[in-house]
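>>> Quick one: sequence and predicted model below, then my questions.
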Amino acid sequence: MLKACLDETNSNKQGKMCVVAGFLGSEEQWGGLAKEWQSILDKTTRKALHMNDLLWKESDRVLLAV
């Protein structure tokens, strides 16, 4: 069996577009994800970025260009 973690956003103010993105994996793949993810986050000095905020802050666009 596969498990999915999905997130959606209505990225269009007219309500004509909805974007869904996520991750799909087996139980084994999900098993160590939290620990591995946290170890990677602990190594970075970048600030958190939520894609929804990107629509409003030009300074956050610079983070994606790196």
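Looks like it came in fine. This is a predicted model, so every value here is computed, not measured. Numbering: from 1, shown residues only.
>>> Now the longest helix seen in the chain: buried residues?
For the chain, the helix with the greatest residue count under DSSP state H is helix 33-42. Residues of helix 33-42 classed as buried: none (neighbour count, 16 or more other C-beta atoms under 10 Å). Any C-beta I mention is one placed from the backbone N, CA and C, and that applies to glycine too.
>>> any idea of the mean pLDDT for it?
Average pLDDT, helix 33-42: 86.
>>> next one: stretch 1-21
Averaged across stretch 1-21, the pLDDT comes to 81.
>>> Look at it and report the distance between its end residues.
19 Å (C-alpha to C-alpha, to the nearest Å).
>>> Ok, stretch 25-38 next?
Stretch 25-38 has an end-to-end distance of 18 Å (criterion: C-alpha to C-alpha).
>>> go on, stretch 21-30?
So stretch 21-30: terminal residues 17 Å apart, C-alpha to C-alpha.
>>> how much space between Ala4 and Lys35?
Separation of Ala4 from Lys35 (C-beta to C-beta, to the nearest Å) stands at 20 Å.
>>> follow-up on the earlier one: what's in contact with the longest helix of the chain?
Gly25 (C-beta atoms under 8 Å, 6 or more residues apart in numbering).
>>> which residues in the chain form strands?
Using DSSP state E, the strands assigned to the chain run over residues 2-9, 19-26.
>>> Need those in a markdown table (columns: mean neighbour count).
Listed next are those as a markdown table, based on neighbours: other C-beta atoms under 10 Å:
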| stretch | mean neighbour count |
| --- | --- |
| strand 2-9 | 10 |
| strand 19-26 | 10 |
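>>> got JSON lines for the ones you listed, with distance to Lys43 too?
Below are those laid out as JSON lines (distance: least, C-beta to C-beta, whole Å):
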{"stretch": "strand 2-9", "distance to Lys43": "22"}
{"stretch": "strand 19-26", "distance to Lys43": "20"}
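>>> looking at these, which is closest to Thr44?
Ranking these by proximity to Thr44 (C-beta to C-beta) places strand 19-26 first, at 18.9 Å.
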